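Chemist: Below: sequence and its predicted model.
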Amino acid sequence: MVAVLYAWLLFFHVLCAIVWVGGAITLQILAMRLSKRGPAAMYSLLGDFEFVGTRVFMPVSALLLLLGIWMIAIGPWSFGQTWVLLGLAMFAYSFVSGAFYLGPQLKRTKAVADEKGVDSSEVGNLTRRLFWSRASSSSSSS
């Protein structure tokens, strides 16, 4: 019985990791592509990023953590193992960066866009910082 439960927990744990990490990579790729179209195109992604972050990434990452803790509780693992500690550290980093950097930065970018317009260079700079994009809104192919 415990082996079957563990197998289901592991399945959903891996599925959550795929959704969380794969989704983040996909959003980053979209942001890099949109950065070539200018600040307005990048800004259009912010609402989607916020939606996915709060309605997909947050619940999936919380479920991932809970499933992992549950598997440790019933399985042969312990919280002292290096890979478990690394997983907890990655979760903590993601939580802190989302809550204390990405969330406030999204709000700031929206406020600047409301004040100066979505095509302003400041909105472009803020969105590029959010998505690690180096392309400028006026860049052209060399």
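Modeler: Good, I have the coordinates.

Chemist: distance between stretch 71-88 and the chain's centre?
Modeler: Taking the mean of its C-alpha atoms, stretch 71-88 sits 23 Å from the chain's own mean (Cα atoms, centre = their mean, to the nearest Å).

Chemist: actually stretch 117-131, not the one I typed
Modeler: When C-alpha coordinates are averaged (Cα atoms, centre = their mean), stretch 117-131 and its chain have centres 19 Å apart.

Chemist: Mind listing residues that contact that stretch?
Modeler: By Cβ atoms under 8 Å, 6 or more residues apart in numbering, the surrounding residues in contact with stretch 117-131 are 27-28, 31-32, 35, 38-40, 42-43, 45-46, 49, 102, 105-106, 108-109, 112-113, 116, 133-137. Any C-beta I mention is one placed from the backbone N, CA and C, and that applies to glycine too.

Chemist: now Ile18: how far from Arg128?
Modeler: 27 Å (Cβ to Cβ, to the nearest Å).

Chemist: who's more crowded, the two?
Modeler: Set Ile18 next to Arg128 and count neighbours by other Cβ atoms under 10 Å: Arg128 wins out with 19 against 12.
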